[in-house]
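**Student:** how would this look folded up:
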Amino acid sequence: MWPIKWTPGAAKNTKRKVDVGDRDVEKDGEKEKKSLKRERKFHNKWLNEWKWLQFDGDISLMFCKTCIAYDESGKGRAKYPINFVKGSNNFRTSALVDHENSTFHKDAADFENARANPQETPARKSLLALNEHKRKTLEHYFRNIHGIIKSNRPISDFVWVNKLDIAKGILDSGETYNNCKAATCFLENIAEVERESILESVKRAKFFSLTMDGSTDEATVEQETLFVRFCCQGDTVTKFLTIGEPASTSSADLYTFVTNILKTHELNQNISFIGFGCDGAANMMGKKGGLVTLLQKDFPELLACHCLAHRLELSFRDVVKADKKYERLSTLLLGIFYFYKRSPKQRKNLRHTFEVMNVKGTLPHRVSGSRWMPHMQRALKSLFTSFPGYVSHLQNESHTNSKAEGLVKIMCNYQVIVYATVLLDVLNPLVRLSLFLQSRDVTLADVHLMVRSTVSHLESLKEKKSEALLKLEETKEVAGMPLTATGPFNSGSLINKMVTDMTKAISIRFADLWDEVKFTEIANLRNWPLEELKEISDV
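**Tutor:** Numbering: from 1, shown residues only. Below you'll find the model as predicted:
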């Protein structure tokens, strides 16, 4: 229909005059049309179709739960107010569909899904995909430094190990992580994770004990090491806890150091600190002001134990410290060690002598060290194994070297070699006991039986000499090399004296252990009478 209407008598550029009657008719028509308009209302079935929908019947408004939570979290930032956040009375399905398809609602739905399943979010997957290569690279760095430390290699090896991986194509070239500073950072993170795991295991136990020892590092700074010992699922476990630098080695400063460690790792709460192992120094075991005495004021149930292996070493030192024969033997062993250690030429000539004489010998071992008995045993075994090579080479060098002449003279002395043979026979059971006492799973119940067995072995040496000693007394030579005897020498009296002194020293050093913790014998079934064990097995 053509929208232009012609009116007769209409003038140009003038409006058509409408009669008042006609205007009233038009208004009445509009009112009638409005009165016939459909009244819309909320339908409850919408709640099942749109799970995010919420209706407040008191104020007759619809809300979106998802968008409200998104808006309250501060993550949603709309440019204009959202009807379903402040409330909507537009009861049309088209309004619901439009809101569901809106950008704000979609972002709100993604936010809700991300909170419910954070591992399945697109952002998380994209981040993992982007960082997968970097994660693998860091994993290689962690494995390299872990392997280096586990193999007791210096941290400086970290650089060349990474360069080898770069040459293999495993790592990308770069200096960001390929340095000792980064290696230390990796190592600290590994240690922290491992320490947290250990502490969690300790806190699950009912009680624990500590073992403490000190030593100086390359900078001559005193470092104290702490090991924690506890029971985990029926097994006795010993783990490294920490290493630190106390203010000094006085008992007061060591007490502050230990208590700070316990407080830092929360080991002084809801768990009993019942045992403390250390050496026998006065600052540790002193009865008046030692570290153990100070700790027992805070932990009355604490039981201190002087290191068992250290007791045995001190027992051996008590026996040989005033023995001139031992001093002469030690002088020989140290002299041989430094004679070859400080001269590459002498070491080369010694190896050549071994080859010519077809002797499977070794270079001399150092007799001094932190563990006296194992070092002495190893040095004596090397002496007897390489004896023909040592004597032959030193005799050749004695024509031009006065030190070699003096060493070979002592080495070929019959009394010295007999003493070395007897000492080695005594050391063998003592070293086995020492290694047993140093094992991580040893208990005080096992110690009782092992010490008694060692003492019995020593006593048996009085009754029967070893085959090596009998052969030496018969031939007066070692591996075909004759010895020089300056006079009669009674090996029997030497064995009796050494064994008697050793057993006495052990009984003195271990006396307090038997008195205080003798009750632990019941924990070892090997200490029980056979009749009682049979009754238990029958039950």
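
**Student:** where does the stretch 201-350 of the chain have low pLDDT?
**Tutor:** Across the stretch 201-350 of the chain, nothing is flagged by pLDDT under 70.

**Student:** Helices of the stretch 251-400 of the chain, residue ranges please.
**Tutor:** Assigned helices in the stretch 251-400 of the chain, in chain order: 251-264, 282-285, 291-298, 308-320, 324-341, 344-357, 372-385, 387-397 (criterion: DSSP state H, counting those that start in this stretch).

**Student:** Distance to residue 234 and mean neighbour count for these - can I get that in TSV?
**Tutor:** No exception for glycine: its C-beta is placed from N, CA and C like everyone else's. TSV is the format used below for the helices of the stretch 251-400 of the chain (distance: least, Cβ to Cβ, whole Å; neighbours: other Cβ atoms under 10 Å):
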stretch	distance to residue 234	mean neighbour count
helix 251-264	25	17
helix 282-285	31	18
helix 291-298	28	17
helix 308-320	23	20
helix 324-341	45	17
helix 344-357	51	15
helix 372-385	32	20
helix 387-397	50	20
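
**Student:** Those helices into CSV, with extra columns for distance to residue 270?
**Tutor:** Shown next, in CSV, are those (distance: least, Cβ to Cβ, whole Å):
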stretch, distance to residue 270
helix 251-264, 12
helix 282-285, 27
helix 291-298, 15
helix 308-320, 30
helix 324-341, 52
helix 344-357, 59
helix 372-385, 41
helix 387-397, 61
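
**Student:** right, so of the ones you listed, which gets closest to residue 490?
**Tutor:** helix 324-341 (12.7 Å; Cβ to Cβ).

**Student:** Give me the three-state assignment for residue 239.
**Tutor:** On the three-state scheme (DSSP: H, G, I helix; E, B strand; the rest coil), residue 239 is labelled strand.

**Student:** Would you mind measuring from it to residue 155?
**Tutor:** 22 Å (Cβ to Cβ, to the nearest Å).

**Student:** Name the residue in those two with the higher neighbour count.
**Tutor:** Neighbour comparison, residue 239 and residue 155: the larger count goes to residue 239, with 18 against 15 (by other Cβ atoms under 10 Å).

**Student:** That one: what's it in contact with?
**Tutor:** Residues in contact with residue 239, defined by Cβ atoms under 8 Å, 6 or more residues apart in numbering, are 198, 201-202, 227-229.

**Student:** For those residues, which two are the farthest from each other?
**Tutor:** Greatest spatial distance in the contacts of residue 239: 201 and 227, 13.7 Å, computed using Cβ to Cβ.

**Student:** List the residue ranges of the stretch 401-539 of the chain that fall below the pLDDT cut-off.
**Tutor:** In the stretch 401-539 of the chain, residues with pLDDT under 70: 514-539.

**Student:** Strands along that one, start to end?
**Tutor:** 477-478, 481-482 (DSSP state E, counting those that start in this stretch).

**Student:** Quick check: which of those is nearest to residue 420?
**Tutor:** Nearest of the strands of the stretch 401-539 of the chain to residue 420, taken as Cβ to Cβ: strand 477-478 at 9.6 Å.
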